[in-house]
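J.: sequence and predicted structure below; questions after.
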Amino acid sequence: MKRTSKERSAPMETLPPEIKILLREIEKEPVPERLLQLALQLQEALARRSRGEEAVGTAAQTSARPKQKVLR
């Protein structure tokens with residue numbers, strides 16, 4: 001069951017204004033293609049897991065690129 005935009009925005013109404021602004025700005029940012037691919041793979045693996053299936057082959061689906069350090 002999909003939530004309506006009003007239902008999705010309801011929790012935002014309780015947030016402080018500065019956080020609402022930041023979240024809106026984040027939503028406007030473009031999403032890199034690789035991140036979308038990884039998010040879809042994760043979603044599929046979680047769906048298989050919830051159905052009780054084995055998450056086979058997810059390691060083989062990931063890129064051969066070396067892992068990058070995340071700067072904070």
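T.: Okay, I see it.
J.: where in this protein is pLDDT low?
T.: 1-10, 54-72 (pLDDT under 70).
J.: recalculate using a threshold of 80.
T.: 1-12, 53-72 (pLDDT under 80).
J.: how about the strands of it, start to end?
T.: Under the criterion DSSP state E, the chain contains no strands.
J.: what is the burial count for residue 36?
T.: 10 (other CB atoms under 10 Å). In short, each C-beta sits where N, CA and C put it, glycine included.
J.: against residue 43, how distant is it?
T.: Using CB to CB, to the nearest Å, residue 36 is found at 10 Å from residue 43.
J.: cool, and residue 29?
T.: 20 Å.
J.: okay, the two: which has more neighbours?
T.: Higher neighbour count among residue 29 and residue 43: residue 43, with 10 against 7, using other CB under 10 Å.
J.: residue contacts, that one?
T.: For residue 43, the contact set (CB atoms under 8 Å, 6 or more residues apart in numbering) is empty.
J.: that one and residue 52, how far apart?
T.: From residue 43 to residue 52 the distance is 17 Å (CB to CB).
J.: what residues of the biggest helix by length in the chain count as buried?
T.: When the chain is parsed with DSSP state H, its longest helix is helix 33-50. Neighbour counts over helix 33-50 (16 or more other CB atoms under 10 Å) mark residue 45 as buried.
J.: now the helices for the chain?
T.: 5-13, 17-28, 33-50, 58-61.
J.: now the third one - C-alpha only, CSV.
T.: When you say that, I think you mean helix 33-50. These are the backbone C-alpha positions of helix 33-50, laid out as CSV (Å, rounded to 0.1, in the frame of the first residue of the first chain):
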residue,chain,number,x,y,z
GLU,A,33,23.3,6.3,-11.2
ARG,A,34,25.6,3.9,-9.3
LEU,A,35,23.8,4.8,-6.0
LEU,A,36,20.4,4.1,-7.7
GLN,A,37,21.7,0.7,-8.8
LEU,A,38,22.9,-0.2,-5.4
ALA,A,39,19.7,0.9,-3.8
LEU,A,40,17.7,-1.2,-6.1
GLN,A,41,19.9,-4.2,-5.4
LEU,A,42,19.5,-3.7,-1.7
GLN,A,43,15.7,-3.4,-2.1
GLU,A,44,15.6,-6.6,-4.0
ALA,A,45,17.8,-8.5,-1.5
LEU,A,46,15.6,-7.3,1.4
ALA,A,47,12.5,-8.3,-0.4
ARG,A,48,14.0,-11.8,-1.0
ARG,A,49,15.0,-12.0,2.6
SER,A,50,11.5,-11.0,3.8
